[in-house]
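Student: Just need the structure, nothing else, for what follows:
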Amino acid sequence: MEIVEKKVSMTELFFDLIFVWATARMTHMLHHLHNGIIEPIEYSKYLITYISWINVWMIQTVFNNRYSDDDIVDQLFTYFNMFLLLLLLNFVNRDFQEVFIIYNRLTVIVTISQICQYIRQFYKRNDQENRELIKSFIFTLLLKATIIGVGGFLPYDIGVVVVVIGILVAWLYPIIYINRMKKVPINFPNLVERLTLLMIITFGETMLSIATYFQVNTYINTFICFVMVASLFFYYRIVFNDIIEHHNHNATGVGFMYLHYMILIGISAVTISINALADKEVNNAFVVIFLYLAFLVFYLGIFLNYKYNKKSHQYSMKCIINHFIILILGGIISFIMRENHTAILGISALVNLFSAVNIWRFSKNCVLTKNKK
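Tutor: Predicted coordinates:
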């Protein structure tokens, strides 16, 4: 089946602007350390909030990929959702118990708006495969709206648990109807482009952290941080621009999207680590472990996308082993030198620079081998 080119619309790019601000707001949820560390409960709250926001983006992206015509009605739905999300963002860093009811109501309205988009497309489609898939999406969103709506009417201690369940159900439930998605493959090149743009937004927040927390008298740290983040971005770019097979005719995109949650969480954790290193009260052992776990999650999320690689670009065992050996060694040396923040940043920069060069050489060698054949 031929893949018809579907360009990212200006409306989608406009919609992405909300998530530029959202990424920054959510990062600031962890701006203050407690006894030099990020408490597990605080990080759990951050993760749930982050996943719920990215899930809204993913749902909209999947809808646009499969069904949106970017006509005036679709655009009006997008603008309405943007307005609601802007209202929601004002409550992200507030005491959640104070804004619990209004936050849940706005979330339910956003979800109902997305349901209406799918209902409209249901009546525009004649083929059974698309109708069945649309019904599955509608059911998932109805489930999310119902659970979160009910949670909003319960006492806070119980209601917040119910709301979290609603968020996780909406996040994971689509796995159940993956067979229906196989009958209506996603436009994979468009999905790659959309997720790449979301990653650029996330990397943008990491770059802002460098600019904010390392000032005029610390040029060395600024440069080292830039090398580290640029290396991570270069690595991502090589994989998803040169190694991934964009013209995948039968992809559902499910695994690709879920693994991007890992990648996004990884790079966001790098941002949090950079912020933490600027805090004089930080627990150095904690920040080293947190930073290298962030790298691990980021790289694992990328490596696990191997099934989407071009046939000529299948990872060799040597490439994988070299990568993780240097990551482990970097973590050990950084932990030993944990009292020196410049050393932590410098070693981390070298580790990621090596990884970037390693993947670049791997991609280049694959191309040379292919050309020889």
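Student: At the geometric centre of the protein, which residue sits there?
Tutor: residue 264 (3.2 Å; C-alpha atoms, centre = their mean).
Student: Quick check, that residue in contact with residue 55.
Tutor: No - using C-beta atoms under 8 Å, residue 264 is not in contact with residue 55, being 11.3 Å away. Any C-beta I mention is one placed from the backbone N, CA and C, and that applies to glycine too.
Student: on that earlier part again, what sits against the residue nearest to the centre of the chain?
Tutor: 50, 54, 198, 199, 202 (C-beta atoms under 8 Å, 6 or more residues apart in numbering).
Student: Next one, pLDDT for it please.
Tutor: For residue 264, the pLDDT comes out at 95.
Student: go on, the one 3 residues further on?
Tutor: At residue 267, the model reports a pLDDT of 94.
Student: burial measure for it, as a count.
Tutor: Neighbourhood size, residue 267 [other C-beta atoms under 10 Å]: 24.
Student: Just list the residues touching it, thanks.
Tutor: Taking C-beta under 8 Å, 6+ apart, we find residue 267 in contact with 199, 202, 203, 206, 232, 294, 298.
Student: Which parts of the protein belong to which domain?
Tutor: With domains defined by automatic domain parsing, the chain comprises 9-184, 186-373.
Student: rewinding a little: would you convert the contacts of residue 267 into a markdown table that also reports secondary structure and pLDDT?
Tutor: Putting these into a markdown table (DSSP: H, G, I helix; E, B strand; the rest coil; pLDDT from 0 to 100) gives the following:
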| residue | secondary structure | pLDDT |
| --- | --- | --- |
| 199 | helix | 93 |
| 202 | helix | 90 |
| 203 | helix | 91 |
| 206 | helix | 85 |
| 232 | helix | 96 |
| 294 | helix | 95 |
| 298 | helix | 96 |
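Student: From those, list just the buried residues.
Tutor: 199, 202, 203, 206, 232, 294, 298 (16 or more other C-beta atoms under 10 Å).
Student: ok, which pair from those residues is furthest apart?
Tutor: 199 and 294 (14.7 Å; C-beta to C-beta).
Student: Quick one: neighbours of residue 281, just the number.
Tutor: 11.
Student: residues contacting the residue lying closest to it once chain neighbours are set aside?
Tutor: In space, and not counting its chain neighbours, residue 281 is closest to residue 36: 5.4 Å by C-beta to C-beta, 6 or more residues apart in numbering. By C-beta under 8 Å, 6+ apart, the contact set of residue 36 is 281, 282, 283, 286.
Student: What about those, which are in helices?
Tutor: Using DSSP state H, the members of the contacts of residue 36 that fall in helices are residue 286.
Student: Considering the contacts of residue 36, which possesses the most neighbours?
Tutor: For the contacts of residue 36, the largest neighbour count, defined by other C-beta under 10 Å, is 19 neighbours, found at residue 282.
Student: Mind pulling up the pLDDT for that one?
Tutor: Residue-level pLDDT assigned to residue 282 equals 88.
Student: Could you give the backbone dihedrals for it?
Tutor: Here is the backbone geometry of residue 282 (degrees, to the nearest 10): phi -60, psi 140.
Student: which other residues reach stretch 114-128?
Tutor: 56, 59-60, 63, 67-68, 73-74, 77, 81, 131, 134-135, 137-138, 141-142, 145.
Student: Could you tell me which of the residues you listed count as buried?
Tutor: Applying 16+ other C-beta under 10 Å to those, the neighbour count classes 56, 59-60, 63, 67-68, 74, 77, 81, 134, 137-138, 141, 145 as buried.
Student: can I get the residues you listed in JSON lines with pLDDT and distance to residue 314?
Tutor: Output for the buried ones among the contacts of stretch 114-128, formatted as JSON lines (pLDDT from 0 to 100; distance: C-beta to C-beta, whole Å):
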{"residue": "56", "pLDDT": "93", "distance to residue 314": "34"}
{"residue": "59", "pLDDT": "93", "distance to residue 314": "32"}
{"residue": "60", "pLDDT": "93", "distance to residue 314": "33"}
{"residue": "63", "pLDDT": "93", "distance to residue 314": "33"}
{"residue": "67", "pLDDT": "91", "distance to residue 314": "33"}
{"residue": "68", "pLDDT": "89", "distance to residue 314": "34"}
{"residue": "74", "pLDDT": "92", "distance to residue 314": "39"}
{"residue": "77", "pLDDT": "94", "distance to residue 314": "41"}
{"residue": "81", "pLDDT": "94", "distance to residue 314": "40"}
{"residue": "134", "pLDDT": "93", "distance to residue 314": "35"}
{"residue": "137", "pLDDT": "93", "distance to residue 314": "33"}
{"residue": "138", "pLDDT": "94", "distance to residue 314": "38"}
{"residue": "141", "pLDDT": "95", "distance to residue 314": "37"}
{"residue": "145", "pLDDT": "95", "distance to residue 314": "42"}
